[in-house]
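J.: Generate coordinates for the sequence data below:
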Amino acid sequence: MKTGLLSLALVALAPAMACAQNWSDNFDSYPVGTLNGPGGWRGWDNVASAAGTVTTAQARSAPKSFEIGATADAIRVWNPPITTGKWQVDAWVFIPAGWAGTTYFLMQNTYVDFGPYGWSVQLEFNSITGQIHDFDDVLVGRTFSPQMYVTNAWSKIEVDFDLGANTMEARYNGAVVSNGIYGIRLADPIQFQCFDLYASNSTSVFYDDMSLTKVVNCIPDLTTTAIPGSPGYGVPNGIVNNDDFFYFLSQFAAGNLAVADLTTTAIPGSPGYGVPNGVLNNDDFFYFLSQFAAGC
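T.: Below you'll find the predicted structure:
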């Protein structure tokens with residue numbers, strides 16, 4: 001029977017499918033100069049003099065990046081705000097040697113020109129301490145671990161947040177800066193609406209390759225390679241391709257419930273659809289096949 005399933009399924013093998021980013025910006029499509037309007041970027045309270053600057057002075061992905069210094073307070077607003085789901089934010093920052101002042105990477109749950117405003121994530125770089133820390137470290141509900149920042153190199157800011165669970169984790173170059181409650185102020189809604197890159201009269205820092213990605217429970221993304229013993233075997237990589245199919249097939253044939261027990265029934269909408277039941281049979285195979293065909 002399993003041989004027959006393989007013959008049937010081979011026709012369903014498809015080109016690689018990646019879990020798509022919901023938004024990204026590398027600033028390369030904008031002309032050099034003030035960025036006020038294009039791409040949704042503008043100055044705080046819609047003041048043009050607060051907008052950031054597109055520059056070729058630094059770049060992680062050549063040729064341009066986004067310079068934030070002096071009076072810059074650049075925002076990128078989502079209307080309506082995002083109110084559900086798990087999300088990942090990535091942003092790369094370059095702090096020159098000799099940089100001075102405080103500058104902020106902020107995520108707002110509420111933004112309207114001239115108010116109201118609400119912040120859920122406030123990461124501050126401080127040249128006196130040489131650290132990046134969570135500006136809300138005086139409030140309860142999070143664990144805080146300030147990290148030393150590096151200069152003259154591109155460093156990665158990551159923020160994972162779950163609006164359903166009301167949780168967050170912020171990292172700098174992979175090290176946790178803070179984690180805990182996303183809505184740290186009780187009056188604020190549990191949502192995301194705005195990026196805010198605020199210089200606070202500091203000298204310039206640079207941002208590049210920013211993205212906001214919805215985290216999907218990607219069932220068919222199981223492995224990086226289908227070759228047992230190779231690096232990435234059994235490790236999801238955000239891409240659904242034939243390696244995932246053949247990895248599942250090998251685990252299904254081996255009777256590996258941890259990987260291949262996916263459902264009670266293969267009939268969409270029926271009780272038990274997508275619910276593991278401790279039994280490995282053709283329902284699991286055809287359920288995986290449908291998820292594989294759908295991609296991420």
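J.: which stretches of the protein form helices?
T.: Secondary structure of the chain (DSSP state H): helices located at 2-9, 242-254, 257-260, 282-294.
J.: Let me know the average pLDDT across the first one.
T.: Read it as helix 2-9. Averaging pLDDT along helix 2-9 yields 47.
J.: Repeat that for the shortest one.
T.: Per-region confidence: helix 257-260 scores 93 on mean pLDDT.
J.: Tell me the bridge partners for Val176.
T.: On the basis of DSSP bridges, Val176 is bridged to Arg171.
J.: From Gln147, how far off is it?
T.: 8 Å (CB to CB, to the nearest Å). For the C-beta atoms, the positions are set from N, CA and C on the backbone; glycine is no exception.
J.: do the same with Asn36
T.: Plainly put, Asn36 is 32 Å away from Gln147 if you go by CB to CB.
J.: what do you get for Thr223?
T.: In terms of CB to CB, Thr223 sits 32 Å off from Gln147.
J.: Between these two, which has more neighbouring residues?
T.: The neighbour comparison of Thr223 against Gln147 (other CB atoms under 10 Å) goes to Thr223, with 24 against 18.
J.: Tell me the pLDDT of that one.
T.: 92.
J.: Show me the domain layout of this structure.
T.: 2-19+218-294, 23-214 (automatic domain parsing).
J.: which ones are touching Ser29?
T.: Residues near Ser29 by CB atoms under 8 Å, 6 or more residues apart in numbering: Gly39.
J.: do Tyr233 as well
T.: Counting by CB under 8 Å, 6+ apart, Tyr233 touches Thr223, Thr224, Thr225, Ala226, Ile227, Tyr247.
J.: would you turn those into CSV with distance to Thr129?
T.: CSV is the format used below for these (distance: CB to CB, whole Å):
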residue, distance to Thr129
Thr223, 43
Thr224, 39
Thr225, 43
Ala226, 48
Ile227, 47
Tyr247, 46
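J.: Give me the buried subset of the residues you listed.
T.: Buried members of these, counted by 16 or more other CB atoms under 10 Å: Thr223, Thr224, Thr225, Ala226, Tyr247.
J.: Poorly predicted segments of the stretch 101-250 of the chain, please.
T.: Scanning the stretch 101-250 of the chain for pLDDT under 70 picks out nothing.
J.: 90 instead?
T.: Scanning the stretch 101-250 of the chain for pLDDT under 90 picks out 138, 164, 186-187, 214-219, 232, 235-239.
J.: now the strands for the stretch 51-200 of the chain?
T.: 53-55, 65-68, 73-82, 86-94, 102-111, 117-126, 131-134, 142-144, 147-148, 154-162, 167-172, 175-181, 192-198 (DSSP state E, counting those that start in this stretch).
J.: The second one: how far from the chain's middle?
T.: Going back to what we said before, that points to strand 65-68. Distance of strand 65-68 from its chain centroid, counting by CA atoms, centre = their mean, to the nearest Å, is 20 Å.
J.: Partner strands of that strand and their direction?
T.: The pairing partners recorded for strand 65-68 under DSSP bridges are strand 53-55 (antiparallel), strand 205-214 (antiparallel).
J.: centroid residue for this structure?
T.: With distances taken as CA atoms, centre = their mean, the residue of the chain nearest its centroid is Gln88 (2.0 Å).
J.: For it, report the pLDDT, please.
T.: If you check Gln88, the pLDDT there is 94.
J.: Please apply the same query to Ala16.
T.: Model confidence at Ala16, given as pLDDT, is 51.
J.: ok, now Gly295?
T.: As predicted, Gly295 sits at a pLDDT of 79.
J.: okay, now it: neighbour count?
T.: Neighbours around Gly295, by other CB under 10 Å: 19.
J.: what's the answer for Thr84, then?
T.: For Thr84, the neighbour count with other CB under 10 Å is 11.
J.: Tell me who's in contact with it.
T.: Thr84 makes contact with Leu163, Gly164 under the criterion CB under 8 Å, 6+ apart.
J.: for the contacts of Tyr233, which one is nearest Pro268?
T.: Nearest to Pro268 out of the contacts of Tyr233 is Tyr247 (CB to CB; 23.7 Å).
J.: so how far is Val235 from that closest one?
T.: On the measure of CB to CB, Tyr247 and Val235 end up 10 Å apart.
J.: Cys218 now?
T.: 13 Å.
J.: And the two? Which one has more around it.
T.: Cys218 (19 against 11).
J.: quick one, phi/psi of the more buried one?
T.: Backbone torsions of Cys218, given as degrees, to the nearest 10, read phi -90, psi 90.
J.: Would you confirm that it contacts Pro236?
T.: Yes - in this structure, Cys218 is within contact of Pro236 by CB atoms under 8 Å, at 7.1 Å.
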